[in-house]
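> Below is the structure, and that's it, no one-letter string:
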């Protein structure tokens, strides 16, 4: 008798609060993750960092993708505050797809590590509220397939 297990559907994975957090974005999975998020009532923001020049551009792209309020201060503390609130963006859970982040990571290592720390803190905060918060990070560059 075979004991192989079928892969879990993406909707089940995303709904699993115990697994939510910051994870690598598997190649070619952004579309499927976005569709799965939509299917279960999660918000999904796709943020292309392929040609992102600096911290200011990074914060602006995240703010635009998540429709941050005008009071967003364009600094790390404000990012943490907004990601920890998202009251203007009600959903059953949240998924961020940070695409083509490899070049930004190489050029701005400290800022990239700060971003990951804020994303991890946000996921932990939302888990305490029984809401899944995912950040999938694609470490490829802008020309990757």
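Yes, it's here. Note that the structure is a prediction, hence the values are computed from the model and not measured.
> Spatially, which residue comes closest to residue 66, not counting chain neighbours?
residue 45 (5.3 Å; Cβ to Cβ, 6 or more residues apart in numbering). In this view, the C-beta of every residue, glycine as well, is placed from N, C-alpha and C.
> Using the three-state scheme, assign the one you found.
Counting by DSSP: H, G, I helix; E, B strand; the rest coil, the backbone at residue 45 sits in strand.
> Wait, it touches residue 99, no?
No - the pair residue 45 / residue 99 is not scored as a contact, 10.6 Å apart, by Cβ atoms under 8 Å.
> which residues in this protein form helices?
10-15, 30-39, 55-65, 76-83, 102-107, 109-128 (DSSP state H).
> Out of the ones you listed, which is closest to residue 136?
Smallest distance to residue 136 across those (Cβ to Cβ): 6.3 Å, for helix 30-39.
> The closest one - what's its average pLDDT?
For helix 30-39, mean pLDDT rounds to 97.
> List the buried residues in that helix.
For helix 30-39, the neighbour count (16 or more other Cβ atoms under 10 Å) marks 30, 33, 34, 36, 37 as buried.
> And the second one, how far from residue 27?
Here residue 33 is placed at a distance of 12 Å from residue 27 (Cβ to Cβ, to the nearest Å).
> Return the per-residue confidence for residue 3.
pLDDT at residue 3 comes out at 50.
> Over to residue 6?
Residue 6 is assigned 53 on the pLDDT scale.
> when you give positions from now on, start the count at 32
Yep, numbering from 32; the last one is residue 37 now.
> circling back to that earlier point, now do the contacts for the residue nearest to residue 97.
93, 96, 97, 125, 126, 127, 128 (Cβ atoms under 8 Å, 6 or more residues apart in numbering).
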